[in-house]
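Engineer: Prediction below, plus the sequence it came from.
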2 protein chains.
Amino acid sequence: MRKQLTIGLFGFGCVGTGLYEVLNQTSLLQARIKHIVVKDATKKRQIDASYFAYDAEVILGDSEVNVVVELINDSDAAYVIVKRALESGKHVVSANKKLIALHLEELIALAKANNVSFLYEAAVGGSIPIIRNLEEYYNNDSLSSINGIVNGTTNYILTKTGEGQSFDDALKTAQELGFAELDPTSDVDGFDAKYKLVLLLKHAFGYTAKTEQVWNYGIRQLKTWDATYAREKGYKIKLLAFGTRVDDQVVGFVAPHLIPANHFAYNVENEFNAVVVEALFSDRQLFLGKGAGSYPTASAVLSDISALQFDYAYEYRKTNAQENLTLTTDFRLRVYVSGTTKEQLERVKFEEIQEIYHGSTHHFHIGWANFSDLQQLDWNNESDLFLAVLPEGLQLASTVYAEEGQLEAHAN
Amino acid sequence: MRKQLTIGLFGFGCVGTGLYEVLNQTSLLQARIKHIVVKDATKKRQIDASYFAYDAEVILGDSEVNVVVELINDSDAAYVIVKRALESGKHVVSANKKLIALHLEELIALAKANNVSFLYEAAVGGSIPIIRNLEEYYNNDSLSSINGIVNGTTNYILTKTGEGQSFDDALKTAQELGFAELDPTSDVDGFDAKYKLVLLLKHAFGYTAKTEQVWNYGIRQLKTWDATYAREKGYKIKLLAFGTRVDDQVVGFVAPHLIPANHFAYNVENEFNAVVVEALFSDRQLFLGKGAGSYPTASAVLSDISALQFDYAYEYRKTNAQENLTLTTDFRLRVYVSGTTKEQLERVKFEEIQEIYHGSTHHFHIGWANFSDLQQLDWNNESDLFLAVLPEGLQLASTVYAEEGQLEAHAN
């Protein structure tokens, strides 16, 4: 029984334009965009100005509109729109990871209370159908880890630094190509990846993490010697959104990782994204695809719209099954930390230093550090330091894992 | 609205045992196995004999059983069971690619006529949720190609031959490890991959191929010098189930391919499977996971069972949308063909030879050959020859592609 969908679209930027074109090119879906609301009446757009409205009420007050697609950048404005839409009994499709990560429980409750769906496949991994697969395909499997390259901008930059460019040059190229914004903070400091990780943790483990509890360290402080070290050792540096679960403990953080050649994510380059899922029964799975871009992201939005024809809604079954999960910081990481001076480097507290390097340009330590000790520093703003997690470099403090030895959460 | 599922299970081999264990370990699913029917009453099994019945009617005649899970090897016997089950108004979950590929349209029609679901996620790619994603996620996108490593046995063997083992030794190891059967024909000659390709073509393009129309050439004739050639050129040899669509023409065949290092499938080793989907909007996507094994395959079966709780059925929307597709043989391939003698090699008709090699142990040609010319030979039984398709080595004869030049169907 397919439902007739009448869409109100907020935003006509890269993804909104893509969705418009994609909807026009597909014959399989019975859906039409009735209104497009944008902020700026003066901006020149691909299609005639008569298609646009500038007042949110045009959509929110139209009872014929049963689907609101929210594709604007401003997460505060998006919050108001999405809330109003759900309260008005309209289904909502959003790609706004920041909005969703910040207000997840509230929006889920609101959708439920109003008996509508709130879908956001495009918010994580662009074209990769990871949320839907976590919901549908792994809904009876027990997931032990989920980690991914979920930010195309930093992956592009890291591909270039891996080829020998400096971080600044690579960022500049990314900005020129439109992969990075003028203020790249959200991408390069790992905020964007963190918001996505919050959604992954929810759908993989049923755990709702508060964004401020999840450590995000990006790649802004990467130096050429760090890239050189990685290359010489046969690693690539990738920014991983990392989540793992052991019993009732959840670990979740965003940080650069040194990835060996046999790792699933090793060949994931440029703007591609990838998510690796490890589960008890289905074992290790990789999902790889374009993490950004007009059409790939629009295709994920389209897929959500299509699912609404059949009244699809996320069930959050893992949430119902898991009651007592906690986000732990009681673990240690095996890390590579470089510093421009010996003094700067020595500010980083290690539990056990295994390798020391002193050179004319820089210094580094390799060893085990407690996660809570590492968090004493504001890493994104420590311009003299750079940190990357080494392969198989996580140990939980809990007794079980003290006995079983190293948690192979980072294995391929 | 979740349905109570009462399962009748046929077969208690590797996957059946896995399913039994997996069902016992998951708390999220409301399903119970009421009967297990097996063929051999004398065989020793993990659980007590009292659990088993030996007459199919125990399941098929029990009106309380609403789901039949068919996990037996014999595709003829499976056909009888599945047909009877569907006719009795029971949902069917099967992993039997041969059965499904041979009787696809009949079984789809039967399920529809009896208003039940016929699901078979485990039939392709083991744990990889490719059928469901093709059905659900790409249902409004226009797919241009789907190709995959869908046979774990041959991929394991090819991993070993890539490391320097002979085909015979690698096959023997695979047999000892239980990856290959005593009669390996179905795997090593590409029949198994062909059956899976038939299912992929159906769900990707909406085209139902007859199995006898799809060329399957395996890896039995691979010589050490072919593996050496690949290695020296930086390729890996992978057995690809290859499907592409251009306008109303479909290409589908199974053959060894020389895969370059930047190809998504390059790092897919051992028993892993991978499927690469290319679509108009979502661009290129890779799904990678374990293609075989008790738990991974059982997890796919479990996922189908879980979907039945919500009355899920494949919609075959692409089939409805695409009426005039034909399987074409009117294309040419760029191939590497080696022969033990010059005379043997010269039996292979090329349209254009680009490279010739003569040596003391073997000879090879590289160039373009018409697909229909290649099909004149019974390749699986030509012990003096070996063929592999080169990267970007497919050109359709149709005018469009003559103008646009080479179809980049093989690109990464």
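Structural biologist: Received it, and whenever you're ready, just let me know what you need. Numbers count the residues shown, from 1 in each chain, chains lettered A, B, ... in the order given.

Engineer: beta partners for A:I7?
Structural biologist: A:I33, A:V67 (DSSP bridges).

Engineer: Quick check: pLDDT value at it.
Structural biologist: Note on A:I7: pLDDT of 97.

Engineer: can you count the residues close to it?
Structural biologist: Number of residues near A:I7 (other CB atoms under 10 Å in any protein chain shown) recorded here: 23. The C-beta positions use only the backbone N, C-alpha and C, and glycine is treated the same way.

Engineer: what does A:T326 give?
Structural biologist: Using other CB under 10 Å, A:T326 has 10 neighbouring residues.

Engineer: and it, what does it touch?
Structural biologist: Counting by CB atoms under 8 Å, 6 or more residues apart in numbering or on different chains, A:T326 touches A:D248, A:Q249, A:V250.

Engineer: Kindly report the same for A:A170.
Structural biologist: Applying CB under 8 Å, 6+ apart to A:A170 gives the contacts A:Y156, A:I157, A:L158, A:K160, A:T161.

Engineer: cool, and A:A95?
Structural biologist: Contact analysis of A:A95 by CB under 8 Å, 6+ apart lists A:V15, A:E70, A:L71, A:Y120, A:A122, A:A123, A:T297, A:A300, A:V301.

Engineer: Tell me where the stretch 1-150 of chain A has strands.
Structural biologist: Remark: strands assigned in the stretch 1-150 of chain A by DSSP state E, counting those that start in this stretch are A:5-10, A:31-37, A:52-53, A:67-70, A:91-94, A:118-119, A:143-149.

Engineer: mind listing what the fifth one pairs with, with the direction of each?
Structural biologist: Sheet partners assigned to strand A:91-94 using DSSP bridges are listed as strand A:67-70 (parallel), strand A:118-119 (parallel).

Engineer: JSON lines for those strands, including distance to B:R32, mean pLDDT and mean neighbour count?
Structural biologist: Output for the strands paired with strand A:91-94, formatted as JSON lines (distance: least, CB to CB, whole Å; pLDDT from 0 to 100; neighbours: other CB atoms under 10 Å in any protein chain shown):
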{"stretch": "strand A:67-70", "distance to B:R32": "38", "mean pLDDT": "98", "mean neighbour count": "28"}
{"stretch": "strand A:118-119", "distance to B:R32": "32", "mean pLDDT": "98", "mean neighbour count": "25"}
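
Engineer: Could you save those as JSON lines and add columns showing distance to B:Y336?
Structural biologist: Listed next are these as JSON lines, based on distance: least, CB to CB, whole Å:
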{"stretch": "strand A:67-70", "distance to B:Y336": "49"}
{"stretch": "strand A:118-119", "distance to B:Y336": "47"}
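
Engineer: rewinding a little: of the contacts of A:A95, which is the most crowded?
Structural biologist: A:A300 (31 neighbours).

Engineer: Including distance to A:T211, could the strands of the stretch 1-150 of chain A go into TSV?
Structural biologist: Shown next, in TSV, are the strands of the stretch 1-150 of chain A (distance: least, CB to CB, whole Å):
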stretch	distance to A:T211
strand A:5-10	23
strand A:31-37	27
strand A:52-53	32
strand A:67-70	19
strand A:91-94	16
strand A:118-119	18
strand A:143-149	17
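
Engineer: now, which of the contacts of A:A170 sits nearest chain B?
Structural biologist: Distance to chain B across these (CB to the nearest CB) is lowest for A:Y156, with 15.1 Å.

Engineer: Let me know whether that closest one touches A:Q175 as I believe.
Structural biologist: No: the criterion here is CB atoms under 8 Å, and A:Y156 misses it with A:Q175 at 10.5 Å.

Engineer: Name the residue in those two with the higher neighbour count.
Structural biologist: Between A:Y156 and A:Q175, counting by other CB under 10 Å, A:Y156 is the more crowded of the two (24 against 15).

Engineer: most surrounded residue in the contacts of A:A170?
Structural biologist: That'd be A:I157 among the contacts of A:A170, by other CB under 10 Å, with 32 neighbours.

Engineer: What strand or helix carries the residue nearest to the spatial centre of chain A?
Structural biologist: When CA atoms, centre = their mean is applied to chain A, the residue found nearest the centroid is A:K196 (2.8 Å). Per DSSP states H and E, A:K196 falls inside helix A:191-205.
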